[in-house]
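Novice: quick one, what's the 3D model for this:
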Amino acid sequence: MTEGPLEWLALARGTLDRVALHRRDDAWLEAAWADPGTRVLVVEDGRAPVSYEPRPALALVPPEWAPDGDRWLLGVDDDGTAYFGTSGPLPEIEGTRPGGLRRVGALLDDRDSGLLTHAVALEHWHGSNRYCPRCGTETRPASAGHMRVCPKDESQHFPRVDPAVIMLVTDEADRILLARGPQWPADRRSILAGFVEPGESLEQAVAREVKEEVGVPVRDVRYLGSQPWPLPQSLMLGFTAKADGDVPLSPDPEEITDAAWYTRGELREAIEAGDIVAPGPLSIAAQLIMRWYGGDLPKMPDF
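Specialist: Numbers count the residues shown, from 1 in each chain. Predicted coordinates:
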């Protein structure tokens, strides 16, 4: 298996400077919004206007076309163009259709993938965190969409991100461990994953999750890369780990329906026969599996 960090992750390709120092500069923000060269990404329920020919691309609009509402500063490109996001009815633009991250995230270019990932994350957070957790007062957006403030107790609240580890576990024969969750289709398989608990390191979370889900201890835990997963609010942290393939697997029925070891040949045959559907390239799971496999998997979809 190739060594070193993951080189390409679909939702970790943003190219903009997020210019965080400008988020509280009202004069700069107003000037940027008034600039006719500024572009706005409108999102509604996680989707944005997308043109699909010759390849998927976000349909950005000038500020005067954007719906009224809160504005989120997404960043500035190398040419000095500012980009904002906002939530509201999608503008009707000829030649576009609504598209979300699952459908187009892996197909967009680096800039657009980063823009949509950022905007979808902020839309979900603002929609789910409108009230102060201390006193219940409705909060107001601040810091160009990257904070909410309670007008009653002046407490500050920041976008929530849930860290989750996802791990490619192999044994001494270089077989891969794949499993299926109870709610998944019968042919779906992926690598193990789980949320980090309070008071534990990422490496401890990897070891705990594997032991809890399939009953196997792991060693040699190594970090390979991460990507945001705003569906709705996770940060996926990818690892590899080693395990003893002779230890019987004992899946936790509440989390794992079945689990098994696969050689490269066995996985290829299962996918080609239609017995297994692997994760699509949008996910870090697919990138970790392909790293082990040595290239694209059979029947790999575009997204």
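Novice: so where does Tyr223 fall, helix or strand?
Specialist: strand 218-229 (DSSP states H and E).
Novice: ok, now which ones touch the residue nearest to Pro232 when sequence neighbours are not counted?
Specialist: Among residues not flanking Pro232 along the chain, His124 sits closest, at 4.7 Å (CB to CB, 6 or more residues apart in numbering). Quick note: C-beta positions are derived from backbone N, CA and C, even for glycine. Going by CB atoms under 8 Å, 6 or more residues apart in numbering, His124 touches Gly46, Pro230, Pro232, Gln233.
Novice: about what we covered before: for the helix or strand following the strand holding Tyr223, packing partners?
Specialist: Sequence order places strand 234-243 as the next helix or strand after strand 218-229, per DSSP H and E. Judged by 3 or more CB pairs under 8 Å, 6 or more residues apart in numbering; DSSP states H and E, the packing partners of strand 234-243 are strand 162-170, helix 202-214, strand 218-229, helix 284-293.
Novice: mind checking how far the closest residue in space to Arg188 that isn't next to it in sequence is from Gly105?
Specialist: Spatially, and ignoring its direct neighbours in sequence, Arg188 is nearest to Val277 (5.3 Å; CB to CB, 6+ apart). According to CB to CB, to the nearest Å, Val277 stands 19 Å off from Gly105.
Novice: with neighbour numbers in mind, choose between the two.
Specialist: Gly105 (27 against 18; other CB atoms under 10 Å).
Novice: my guess is that one contacts Phe303. True?
Specialist: Yes. Using CB atoms under 8 Å, Gly105 is in contact with Phe303, at 7.0 Å.
Novice: just give the nearest non-adjacent residue to Asp77, would you?
Specialist: Using CB to CB, 6+ apart, the nearest residue to Asp77 is Leu16, at 5.7 Å.
Novice: that neighbour: what's it in contact with?
Specialist: Neighbouring residues of Leu16 by CB under 8 Å, 6+ apart: Leu74, Gly75, Val76, Asp77, Tyr83, Arg111, Gly114, Leu115.
Novice: next, format those as JSON lines and append distance to Glu200.
Specialist: Output for the contacts of Leu16, formatted as JSON lines (distance: CB to CB, whole Å):
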{"residue": "Leu74", "distance to Glu200": "33"}
{"residue": "Gly75", "distance to Glu200": "33"}
{"residue": "Val76", "distance to Glu200": "37"}
{"residue": "Asp77", "distance to Glu200": "38"}
{"residue": "Tyr83", "distance to Glu200": "37"}
{"residue": "Arg111", "distance to Glu200": "36"}
{"residue": "Gly114", "distance to Glu200": "30"}
{"residue": "Leu115", "distance to Glu200": "33"}
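Novice: make a ChimeraX selection of the buried ones in the residues you listed.
Specialist: Typed into ChimeraX, the next command selects the buried ones out of the contacts of Leu16 (criterion: 16 or more other CB atoms under 10 Å):
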select :74,75,76,83,111,114,115
